[in-house]
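A.B. asks: For reference, the sequence and a predicted model appear below.
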Amino acid sequence: MKSIAEQILEELKQHEVGWCFSPKDFLTLAGRDALDKAFSRLTTDGKIRRIGRGLYDVPRYSELLKTTLGPDTNQIAKAIARKHGWRIQPTGAHAANMLNLSTQVPAQAVYLSDGPTKEMRFGNRTITFKKTSPKKLAAGELGGLLINALKDFGRDRVTPELIAKLQKQFDDRQKSELLADARLGPDWIFEVIRKICNGEKPDE
């Protein structure tokens, strides 16, 4: 029979590279005491890395940069949200950067949340959760990301080139989800998302 540590490693292989997690994500495998011991052993062996209180990831080494990469900010936020049972959506400059609407990487990542307002530091990065109304979290993960990114980017900066770029960024299934969520944003954002999802020519 496989040990708890071995089962954790097996389950980690099912997730995307850079996934962040907490013991709570593995409660189907064992009780909390057994998980804590397994996590401690895996951390000591270098199989996983502790990135914050009760938060972990699998270390990634970049051959190009010849260094171990830091944890992914969005993955940290999602792990925190799962741990506490919050719903979250990236917003502001962080959301715009995630969709490549901006090349600026903000030092502070801001998320709307149905949990308490809270600020957390991870190295030189800050993640801020801002409590908001359930209505503002009604869109799905991708729809909320695009709506919030466009809000930050601004109506006047949406060009035909940007629309053409975003049309190539999403597949048909994602476009269907985005179109369903588009009405949850302002009218001008609905029109932008409609053009993106319907494949309309950007100059229309």
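C.D. replies: Happy to help now that I have it.
A.B. asks: Now for L166, which secondary structure element holds it?
C.D. replies: When elements are assigned from DSSP states H and E, L166 belongs to helix 160-167.
A.B. asks: What is that helix packed up against?
C.D. replies: Under the contact definition 3 or more CB pairs under 8 Å, 6 or more residues apart in numbering; DSSP states H and E, helix 160-167 sits against helix 187-198. (C-beta placed from N, C-alpha, C; glycine too.)
A.B. asks: could you pull out the strands for the protein?
C.D. replies: Using DSSP state E, the strands found in the chain span residues 20-21, 49-52, 55-57, 60-62, 67-69, 88-91, 108-113, 118-122, 125-131.
A.B. asks: Can you list the buried residues in the helix holding L166?
C.D. replies: Using 16 or more other CB atoms under 10 Å as the burial criterion, the residues of helix 160-167 that qualify are L162, I163, L166, Q167.
A.B. asks: before we move on, what about stretch 25-43?
C.D. replies: Buried residues in stretch 25-43, counting neighbours by 16+ other CB under 10 Å, are found at D25, F26, L29, A30, L35, A38, F39, L42.
A.B. asks: can you list the residues you listed in TSV and add distance to Q108 and pLDDT?
C.D. replies: Below are those laid out as TSV (distance: CB to CB, whole Å; pLDDT from 0 to 100):
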residue	distance to Q108	pLDDT
D25	26	97
F26	30	97
L29	35	95
A30	36	94
L35	32	96
A38	34	97
F39	29	97
L42	31	97
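A.B. asks: Closest one of these to S102?
C.D. replies: D25 (30.9 Å; CB to CB).
A.B. asks: in this protein, which ranges drop under the pLDDT threshold?
C.D. replies: Counting by pLDDT under 70, the chain has low-confidence residues at 200-204.
A.B. asks: now do 90
C.D. replies: 1, 61-66, 68-70, 92, 100-108, 122-125, 135, 153, 198-204 (pLDDT under 90).
A.B. asks: Domain map for it?
C.D. replies: 4-67, 73-198 (automatic domain parsing).
A.B. asks: State the distance from T44 to V58.
C.D. replies: Distance, T44 to V58, by CB to CB, to the nearest Å: 15 Å.
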